[in-house]
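Visitor: based on what follows, work out the 3D shape:
(one chain, ligands or ions: 1)
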Amino acid sequence: AYPYDYLIVGSGLFGATFAHFAHKRGARCLVIDKRPHLGGNVYCQDVEGIHVHQYGAHIFHTSNKRVWDFVNSIVPFNRYTNSPVANYQGRLYNLPFNMNTFYQMWGVVTPEEAAAKIEEQRAEALAKMRAEGATEPRNLEEQALALIGRDIYERLIKGYTEKQWGRQCTELPAFIIKRLPVRLVYDNNYFNDLYQGIPVGGYNRLIDGLLEGVDTRTNTDFFDDRAHWEQMAPTIVYTGQLDEFFEYRYGHLNFRTVRFETEVKPQPNYQGNAVVNYTDAAVPYTRIIEHKHFEQFGQQVYDNPHTVISREYSTEWQPGMEPYYPVNDEANNALADRYRALAATLSPSVIFGGRLAEYKYYDMAPIIEKVMGMWE
Ligand code: FAD
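Guide: Here you go, the predicted model:
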């Protein structure tokens with residue numbers, strides 16, 4: 001007889017949400033995580049009373065009312081609205097590209113003036129491409145120029161994209177940028193979703209709420225004693241790396257990662273916004289996150305005399321680093337498919353779920369939606 005119905009490997013949003021629903025239905029669950037804390041990548045560390053998003057800034061957003069109502073039933077969410085600012089050579093521009101950006105860029109005031117300016121710059125870029133004999137954009141630079149023109153490309157896209165990928169835009173494929181939405185309205189709200197926010201009291205509250213009443217163990221790596229953990233339950237919910245589960249027998253799946261340089265500042269307000277992108281190639285980091293602005297608004301910012309910032313550096317992933325973003329190119333997708341075929345042979349006694357085990361980028365809301373669907 002097994003002591004549990006489910007052994008859940010990984011306490012990120014997939015594992016924690018799965019455990020929540022299983023526990024509610026009366027199943028006995030054990031959640032293990034190799035990290036010293038629960039929560040996976042949404043975990044926040046408390047530094048000087050500020051919730052620091054240790055694995056990268058996380059903003060919850062969804063248009064799915066059931067998902068929104070569900071997470072709010074675990075912990076209420078605040079009204080944080082993501083409106084990043086770009087800093088290019090000391091000048092600031094609002095994102096995403098909207099009337100504020102166009103006013104800052106060209107001094108244009110009406111939507112007609114902005115549209116005409118963008119059209120003029122696109123036409124210029126397309127004429128240049130055609131003069132060189134190209135009928136289609138041959139790389140990311142030409143694609144961006146054809147979509148939005150020189151000024152926005154050079155000041156807000158080029159340097160940022162080159163830092164993100166560690167390659168020149170002229171050497172990146174055009175398909176990376178399919179569309180560049182422009183808004184001819186004065187609206188800096190980054191997401192188009194109906195709902196967005198941050199859990200009041202931080203993400204750890206969400207994880208603690210999901211895992212209430214569930215047995216958990218941290219500092220516990222499934223692979224340190226695989227045979228032992230496999231005796232714990234007839235069904236394993238696995239949310240770790242897909243290739244690692246199969247001992248990398250076909251080779252390593254690749255990832256992109258981010259290095260964070262986090263610093264406590266002896267001042268209450270460093271940059272006045274949660275997210276500032278540095279779009280100039282000469283600045284080595286891509287963004288600075290100032291964590292308190294996710295949860296403290298207006299004058300509340302000054303209640304705490306300190307602030308915590310994180311500079312983000314895009315970095316090539318090596319085994320041993322945090323695997324953040326799957327690289328969904330042809331070679332990696334083909335390799336992942338071979339592992340997925342192996343995984344399918346273990347169904348239903350092993351359920352592979354989440355961003356690492358599916359080798360697929362998921363935002364938080366789709367993860368929750370997926371697990372909710374499994375329990376309906
Ligand atoms: P994870 O959170 O990674 O959890 C997996 C867990 O499994 C980890 O805790 C790990 O320690 C554990 N584990 C792995 N192997 C083992 C093992 N062998 N034994 C025991 N435990 C193991 N989504 C948004 O909606 N908005 C955002 O703003 C946003 N920002 C993001 C920024 C970054 C940099 C990244 C990488 C992702 C971001 N996401 C965002 C996506 C979000 O992080 C994911 O949707 C979410 O983390 C997925 O949860 P998960 O449970 O699949 O994975």
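Visitor: OK, now which residue of the stretch 51-200 of the chain is nearest to the ligand?
Guide: Gly56 (2.8 Å; Cβ to the nearest ligand atom). Where you see a C-beta, it was placed from the backbone N, CA and C, and this is true even at glycine.
Visitor: tell me the bridge partners for the nearest residue to that residue once chain neighbours are set aside.
Guide: Using Cβ to Cβ, 6 or more residues apart in numbering and skipping the chain neighbours, the partner closest in space to Gly56 is Val258 (6.0 Å). Applying DSSP bridges to Val258 gives these bridge partners: Ser314.
Visitor: about what we covered before: dihedrals phi and psi, the residue of the stretch 51-200 of the chain closest to the ligand?
Guide: Phi and psi for Gly56, reported as degrees, to the nearest 10, are phi 100, psi 150.
Visitor: before we move on, the earlier item: touching, the residue nearest to Gly56 and Thr315? I think so.
Guide: Yes. Under the criterion of Cβ atoms under 8 Å, Val258 makes contact with Thr315 at 6.4 Å.
Visitor: the two: who's more crowded?
Guide: More crowded of Val258 and Thr315, by other Cβ atoms under 10 Å: Val258, with 20 against 14.
Visitor: count of neighbours near whichever residue of the stretch 201-350 of the chain sits closest to the ligand?
Guide: Relative to the ligand, the nearest point of the stretch 201-350 of the chain is Gly240 (2.7 Å; Cβ to the nearest ligand atom). Neighbours of Gly240 under the rule other Cβ under 10 Å: 21.
Visitor: so it, which of the three states?
Guide: Here Gly240 is coil, with the state taken from DSSP: H, G, I helix; E, B strand; the rest coil.
Visitor: for Glu120, which non-adjacent residue is closest in space?
Guide: Spatial nearest neighbour of Glu120, chain neighbours left out: Gly149 (7.4 Å); criterion: Cβ to Cβ, 6+ apart.
Visitor: sorry, that was for Pro76
Guide: Pro76's closest residue in space is Val200 (Cβ to Cβ, 6+ apart), at 5.0 Å.
Visitor: got the buried residues for the longest helix seen in the chain?
Guide: Among the segments of the chain that qualify as a helix by DSSP state H, the longest is helix 111-131. Across helix 111-131, burial judged by 16 or more other Cβ atoms under 10 Å covers 113-114, 117-118, 121-122, 125-126, 129.
Visitor: before we move on, what about stretch 103-112?
Guide: So stretch 103-112, judged by 16+ other Cβ under 10 Å, has buried residues 103, 105, 108.
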